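>>> Sequence unavailable; structure follows:
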RNA sequence: GGCGGCGUGGCCAAGUGGUAAGGCAAAGGACUGCAAAUCCUUUAUUCCCCGGUUCAAAUCCGGGCGCCGCCUCCA
């Protein structure tokens, strides 16, 4: 079954055909390391982690590169504000980024290059552009000449005239065209710098990604990704730099994820309406956040709210409860069962889930639909649980684990996940687990004595404190509402 | 102003020509001492509005309304 992906360059879904059969080169723009990451960064990185996992699951050999932009104006200004060197800032936020991504259960990319470790490659690329007449020096700066590059703005589907009509940019007199952008910036006194043919300076914003992607993936590679907000100017400029220098197509498929919104508005630093990953993980399990972000299509906007996170948590719990039920039955040694309609349905759903999952994912990574199929299976599991054979339950478990491995959700031991959620919720309660257990014991006594007035009283009291009791064959357990 | 996108039940969200997945919430039933959990059933004759194409449209075309994004650092 062919994978189809939405390519920003063509504006439509295309069949994904790797340049080299069986192999994929994928570059994703990482972060500029000057502050903590927010949920928008979480989405971008989780989306491409999911894509990376799925490509690998399809048997492709993926070289995944995600950079750190560790020298830039914002890093310098942050360093100046804090009175430290830019390295202190970049190293601190690289460590924070790594920690956040690890908590979000992201696989490590094949390479994670840093801009400051590729200054020579960057200088070489700028020199190449100057030699070919696509760039010019102006004082200690070097600019890219957008008018020389015919395909400029092809990705964002605009033209230079329109851009100027709405331009709010201050015109730099040293530029030949207002849209020309810096490849190299001369250092002002006190700024960090590297020696270059144009004097002491540092790379412009976009050049590091062109230089590093081509170094690790070659001059033409398969996938380049990032948030929609990078289409212009960042990716547009990357294309210009790379293609002007090499004369070859830079990237075959451009993939862009949608934004995380707050009240239907883009979450962003400048609007100040953002939540950091750390803040959210104080209140929700990392897997819940992943599940939430994968519950809508990666290109759609997704609205971040407490209610939506809670819904996601309930949904994920539903899946885990079913899986925990499977584990319990397997542990109890589910023996042979007489044939039943429930088991037959589960067998059909269980054997078909991999194909349905692949079909959804092959359609431009439709994780929302894929999760819908998973919920379908969950219903069949719940229905068939008392009737299914151990073999069938084990098969279903394996199938779900395969899917979980691609999405990075439902990948925990079910009982531990449920325990984790329970502990998180309990820690926010004013009542201790011991007290609850004590009350449950008292209620059991009352029920034994048919004193339902007292037993209901206990249950209602606990309910008022958000504790829900669950009576089962093995006795009473509880959960936080 | 230019360019791009979106508008599906109370909420979230799939579906891009063949007669509306799934989740959350809600209601009824089974189960239960009563509940909860679980299971079953129900909840959009209709997909922002108005035209058009078609045997057939949420899906295509035209117009309108509303919302959002990019055009400035941004995942």
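Structure received. Source: prediction; values computed, not measured.
>>> what about the stretch 251-400 of chain A, any weak spots by pLDDT?
Low-confidence segments of the stretch 251-400 of chain A (pLDDT under 70): A:334-335.
>>> ok, which residues in it are in contact with RNA strand B?
With the criterion set to CB under 7 Å from any atom of the strand, the stretch 251-400 of chain A comes near RNA strand B through A:257-261, A:264-270, A:295-297, A:300-303, A:307-308, A:311, A:314-315, A:318, A:321, A:363, A:366, A:368-369, A:371-372, A:375-376, A:378-379, A:382-383. Quick note: C-beta positions are derived from backbone N, CA and C, even for glycine.
>>> Could you say which helix or strand holds residue A:27?
Secondary structure from DSSP states H and E places residue A:27 in strand A:23-32.
>>> Looking at the very next helix or strand once past that strand now, give me its mean pLDDT.
Going down the chain from strand A:23-32, the next helix or strand is helix A:39-57, by DSSP H and E. For helix A:39-57, mean pLDDT rounds to 96.
>>> Tell me if helix A:39-57 is near RNA strand B.
Yes. Applying CB under 7 Å from any atom of the strand, one finds helix A:39-57 touching RNA strand B at A:40, A:41, A:43, A:44.
>>> okay if I get those as CSV plus neighbour count?
Rendered in CSV, the data for the residues of helix A:39-57 next to RNA strand B read as follows (neighbours: other CB atoms under 10 Å):
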residue, neighbour count
A:40, 24
A:41, 22
A:43, 25
A:44, 29
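>>> List just the nearest of the residues you listed to RNA strand B.
Checking the residues of helix A:39-57 next to RNA strand B against RNA strand B by CB to the nearest atom of the strand gives residue A:40 as the nearest, at 2.3 Å.
>>> The closest one: what's it in contact with?
A:227, A:259, A:260, A:267, A:268, A:274 (CB atoms under 8 Å, 6 or more residues apart in numbering).
>>> same deal with residue A:203?
A:71, A:115, A:119, A:122, A:183, A:184, A:185.
>>> Give the bridge partners for it, please.
Here residue A:203 sits in beta bridges with residue A:184, going by DSSP bridges.
>>> any idea how far residue A:282 is from it?
In this view, residue A:203 and residue A:282 are 36 Å apart by CB to CB, to the nearest Å.
>>> cool, and residue A:423?
Residue A:423 is 14 Å from residue A:282, by CB to CB.
>>> Then residue A:137?
50 Å.
>>> So if I had to pick from the two, which one is more boxed in?
Remark: of residue A:137 and residue A:282, residue A:137 carries more neighbours, 17 against 9, as counted by other CB atoms under 10 Å.
>>> State the phi and psi torsions of that one.
Backbone torsions of residue A:137, given as degrees, to the nearest 10, read phi -90, psi 140.
>>> How about the contacts made by it?
Applying CB under 8 Å, 6+ apart, we find residue A:137 in contact with A:130, A:198.
>>> quick one: the strands in the stretch 251-400 of chain A?
A:251-257, A:260-262, A:265-266, A:302-303 (DSSP state E, counting those that start in this stretch).
>>> For those strands, give me TSV that also has mean neighbour count and distance to residue A:213.
Below are these laid out as TSV (neighbours: other CB atoms under 10 Å; distance: least, CB to CB, whole Å):
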stretch	mean neighbour count	distance to residue A:213
strand A:251-257	23	8
strand A:260-262	19	25
strand A:265-266	14	26
strand A:302-303	18	27
